[in-house]
Each structure stands twice: as structure tokens, then as C-alpha cells.
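# can't give you the sequence, but here's the structure:
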């Protein structure tokens, strides 16, 4: 048990408050209407404080928050850490100097650790479930296999590596989901923390090694997992290293009033039951937008580039179409509908109101006629088609016996 000295009491408040500030708005982000009624206002206040901290404390005159970049390692995210920690120190100092609350530092910190394991647990379940479905790591695509390895980013290399094997994705998903669910229950929380540390350490190393812009977030998941385990390190070392009789114990909130017990039960049922169910159902619902049966799927190539057509490759895969020149930019279209006779309705981001059309006709002898209508412009081309089974990455497959290594 942590000794009740002033410095440690203050430290417990500061760390506990930082955990709560960083994790916010969890779990309110899973409560219907909570964002509109409360969370968005609290987040707006937090954002203003972070901007104030960057401008006034760090002297960053041009500092601003860039909205929706897809990156978790923006300048704003880096400034957010010392800003929230400074706020945690300030709030912790206030609690510390209030005589009635100072003695409650340890129970507060233990409650913050419960919040931390719920936060990490739900996050790992979210990412874990995604790995069983189409989502985070897509399998080899035509665009992927048509891009030379020297022209992909380190993150792209990692995503292609993980996406190739469904078996490995399932293994990663099982590890994350297992760690997540173990963290949600107090009797298995320590085992969950041990598994979570292993899982999150691997994630952190991948993110730092391949420049994946989720370094700060994954590092916090690892940090919170370590904090959950930290109070139990001594009994674990006593048992496994020193071979002493040891007990981990568990923290179970004690409530004297019935209404507090009922409230705590409802919170647990919401986090442990409702949230995982909504996460899983949400991932399943998203599959209808990620997958589409496309009988015309393939890479159409062999077109001559001319003034009327700046591309020589047309890729159809699931619910999207892509046009690409040999080394030029790529233009993406979403497939809205696949009709009979090779007619496909497509849309791009620039013209969402009226769909364009693509007509494909099999001419035989492995030749296909492509008629692409983009608004008033019609493009006619004849070329060949390549299926995924033509690529060495796909057709090589798995072999139990290899008389010689096949490493191309």
C-alpha cells in the first residue's frame, strides 16, 4: 500500500487526473446524445486551454489545431500532453490543499486506474474486432501490387505486410480482444495488464519503427497498462522471482448506500456489456460499405495514353474504381451500382450529384472494351485484363515443404 506522505498524495492526484483528462470523453462518447449535450462543450474548453498553452506558455505564435487529418501525432497532439499534465498538476494542487480531499488521494488514484483499464480494454477490443473484418489492414489490392516497393511509405509497407495474412491478422485480433476483455474484469485485470503490456509494446514498436502516426496514443495505452500493473509488481516479483507466498488482492469499491451500489452496477454493465456489443455490431454494419461483389473486378491495362486519355490502367476492386497512368497521379471513384451487361455507375468526390457510367464488354481472346462516360466526355479503349491470381504475391500461397527457399 502506498504510504500517506504529502508528495505521494499530490502525485497520485496529478497522475489520476491526467488519466481522466486524456481519456475524456470516454465512456460518454458511447452514450447517445452525450456529445451534443455535454462532451462537445467540455472538449471545446479543453481545446481552448491547449491552444492557450501553446500560444502563451510555449510561445508558439502560429500554433493551431488542424481538423480531421487522420494523424494522432500532429503538433496539437504533442502540445496536448504537457497542457493536460499542467492542468492535472493545477487541479491536483487544489485537491491537495483541501484538507478533506487530501486523505482521499489513494482511493481516487485507484478509481482512476479502474478508468484506465476500462479505457485501454475498450480500445483494444475496438481495434481487435476490426482485424477479423475488412478494415484496418486490407488484403493485397490491385493498387498495392501495382506499386513498386520503393514508392511506398514505411507505414504503407507495414500495412501491406500485416494485411497479406488473414491468419496473422486473426492472431493480432485475438491478442487485442483477449487483453481487452481481461482488463474489463477486476479478477482478471492483472493478467489483462500483463497481456496488454505485451500487445501495446508491439504496437508502439511498430508505430515508431514504421512512422505510423499513432505513436502518442499507443504510447499512452502502454503507459496506462503499466500503471494498472504497477501496484501489483511487488507481489508478482515475490511469487515468480523470489518464490515467496504472495497474494495480489483486488480493489473492489465499497459503497454503504444502496443507490451508490446500483449506480456502480449500471456503470459496469454499460462499459462491460453495452459498449462491446455496440462496437462489434458497428464493425459488422460497416462491412456493407467496405465489401461489394464485383464480377468485373480486375486490372485493365494496355491502353495507349493520348490527349483524350491521361491514364493507361483502370482498376476495379470491390466498391471502388481507380484510374492511373504509369507513374502519374491516381483518380478514385466509388462504385454506386453494378448493373447487368457490364454497366457500372460510379461517382467521384468532385461530382457527387450525378453518377458517371462505365461500360465493360468482353471481346474474347482476353480483350475488353472499356467505354467510360465522365459527364459529357466519352473515352473508348481496348485492353487486357489481369486477375489477382496472376500476381506472385497471391498465387505463391503457403507450402509446408520447401526444398529451397523461395525468396524473390
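Nice, I can see it. All values reported here derive from a predicted model rather than from experimental measurement.
# Residue 299 and residue 160, how far apart?
According to C-beta to C-beta, to the nearest Å, residue 299 and residue 160 sit 17 Å apart. Where you see a C-beta, it was placed from the backbone N, CA and C, and this is true even at glycine.
# So these two - more neighbours on which side?
When residue 299 and residue 160 are compared for neighbours, residue 299 comes out ahead with 23 against 20, by other C-beta atoms under 10 Å.
# What's the mean pLDDT across whatever helix or strand that one lives in?
Residue 299 belongs to strand 298-301 when assigned by DSSP states H and E. Rounded to a whole number, the mean pLDDT of strand 298-301 is 94.
# Could you do stretch 358-368 as well?
Averaging pLDDT along stretch 358-368 gives 93.
# quick one: contacts of that stretch?
For stretch 358-368, contacts defined as C-beta atoms under 8 Å, 6 or more residues apart in numbering pick out 296, 300, 321, 341-344, 346, 369-373, 382-385.
# Quick one, which of the residues you listed are buried?
Among these, the ones that count as buried by 16 or more other C-beta atoms under 10 Å are 296, 300, 321, 342, 344, 346, 370, 372, 383, 385.
# Out of the residues you listed, which is nearest to residue 356?
Nearest to residue 356 among the buried ones among the contacts of stretch 358-368: residue 346, at 5.1 Å, using C-beta to C-beta.
# Counting by contacts, list what the helix or strand containing the closest one packs against.
Per DSSP H and E: residue 346 is located in strand 343-347. Where contact means 3 or more C-beta pairs under 8 Å, 6 or more residues apart in numbering; DSSP states H and E, strand 343-347 is packed against strand 330-338, strand 356-364.
# distance between the strand holding residue 299 and the chain's centre?
How far strand 298-301 lies from its chain's middle: 31 Å, per C-alpha atoms, centre = their mean, to the nearest Å.
# which other helices and strands contact the helix or strand following that strand?
Counting by DSSP H and E, the next helix or strand C-terminal to strand 298-301 is strand 313-317. Strand 313-317 sits against helix 142-145, strand 298-301, strand 320-324, with contacts defined as 3+ C-beta pairs under 8 Å, 6+ apart.
# and those as CSV, adding distance to residue 353?
Shown next, in CSV, are the helices and strands packed on strand 313-317 (distance: least, C-beta to C-beta, whole Å):
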stretch, distance to residue 353
helix 142-145, 26
strand 298-301, 27
strand 320-324, 18
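# Select, out of these, the one closest to residue 36.
Once the helices and strands packed on strand 313-317 are compared by C-beta to C-beta, strand 320-324 is nearest, at 32.4 Å.
# quick one: that closest one to strand 343-347, angle?
Interaxial angle of strand 320-324 relative to strand 343-347 (axes from the mean of the first three to the mean of the last three C-alpha atoms, to 10 degrees): 80 degrees.
# can you list contacts of strand 320-324?
142-143, 146, 311-315, 330-335, 344, 346, 358.
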